[in-house]
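1. I'll drop the sequence and a predicted model, then ask my questions.
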Amino acid sequence: MGIVTTGFSMSLDGFVALPNNEIGPLFDWYSIGDTQVEVLAGDGAYKLSSESAEMLQEAGKETGVLLTGRRLFDQTNAWGGRHPLNVPIVVVTHSTDGVAPEWLQEDSIFTFVTGGIESAMAKAQEIAGEKKVAIASTNVLQQCIRAGWLDEAHIDLVPVLLGEGIRMFDHLGPTQINLENTSATSFAGVLHLTYRVVK
């Protein structure tokens with residue numbers, strides 16, 4: 001079974017989105033480099049530093065499934081049917097009401113789990129096999145941290161202070177969680193940090 005990981009672009013004061021869920025300047029580093037990376041969703045291409053591009057491509061190869069919440073699924077309009085990592089997606093939801101029929105078909109990349117976070121994680125690990133389960137939304141991430149499932153956290157630290165917004169690490173309870181820094185590299189407009197959760 002692969003490890004459970006997560007990755008977010010984060011401001012220096014700890015926010016991964018503005019209060020209205022917009023990302024603001026947090027993804028600016030995706031467009032200021034000298035290396036074009038084609039993606040299968042969104043705008044079609046990123047312009048990253050060559051090192052950031054290599055890191056992003058490697059993350060795609062290592063990831064077997066994305067685990068996300070219904071709120072992010074709706075906000076992104078299902079990533080237009082394909083996430084940039086080009087992997088299957090498990091969506092934790094209370095109900096599939098309002099989900100477009102094409103996302104519910106058997107050949108869809110989306111799997112909707114209504115039985116709670118434990119059922120969703122079990123399904124994600126089944127799909128991922130030996131590859132990584134990547135958590136894509138803060139609410140799901142925080143539930144997984146509280147359950148003790150997170151093995152690794154990747155932060156793309158952006159040199160900006162947002163002042164307010166949505167935090168990556170919030171509502172975690174009183175238990176101390178120790179992390180070990182396994183890599184730190186700085187490229188155009190971003191500091192890439194990876195931490196292993198000490199268990």
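-> Right, received. Where do you want to start?

2. looking at the chain, which helix or strand is least sure?
-> Here the helix or strand of the chain ranked lowest by mean pLDDT, DSSP states H and E is strand 35-38, holding a mean of 69.

3. contacts for whatever helix or strand comes next after it, please.
-> Toward the C-terminus, strand 35-38 is succeeded by strand 45-48 as the next helix or strand (DSSP states H and E). Residues outside strand 45-48 that contact it (CB atoms under 8 Å, 6 or more residues apart in numbering): 29-39, 53, 56, 187-188. In short, each C-beta sits where N, CA and C put it, glycine included.

4. from the residues you listed, which has minimum pLDDT?
-> Ranked by pLDDT, the contacts of strand 45-48 bottom out at residue 39 (57).

5. nearest residue to the spatially most central residue of the chain in space, please, no chain neighbours.
-> Centroid check for the chain by CA atoms, centre = their mean gives residue 136 as the closest residue, at 2.9 Å. Spatially, and ignoring its direct neighbours in sequence, residue 136 is nearest to residue 68 (4.1 Å; CB to CB, 6 or more residues apart in numbering).

6. ditto for residue 181
-> Nearest non-adjacent residue to residue 181 (CB to CB, 6+ apart): residue 195, at 5.6 Å.

7. quick one, phi/psi of the one you found?
-> Note on residue 195: backbone dihedrals following degrees, to the nearest 10 are phi -130, psi 140.

8. check residue 20 and give its pLDDT.
-> Looking at residue 20, the pLDDT reads 92.

9. how much space separates it from residue 163?
-> From residue 20 across to residue 163, the span is 13 Å (CB to CB, to the nearest Å).

10. what do you get for residue 46?
-> Distance from residue 46 to residue 163, by CB to CB: 27 Å.

11. neighbour-wise, which of those two wins?
-> residue 46 (20 against 10; other CB atoms under 10 Å).

12. who's that one bridged to?
-> residue 37 (DSSP bridges).

13. gap between it and residue 192?
-> Distance of residue 46 to residue 192, computed by CB to CB: 14 Å.

14. circling back: and the strand or helix carrying the residue nearest to residue 136, what other elements does it pack with?
-> Per DSSP H and E: residue 68 is located in strand 63-69. Packing contacts for strand 63-69, counted by 3 or more CB pairs under 8 Å, 6 or more residues apart in numbering; DSSP states H and E, involve strand 89-92, helix 117-128, strand 132-135, helix 138-147.

15. buried set for the second one?
-> What it means is helix 117-128. Residues of helix 117-128 classed as buried: 117, 120-121, 123-125, 127-128 (neighbour count, 16 or more other CB atoms under 10 Å).
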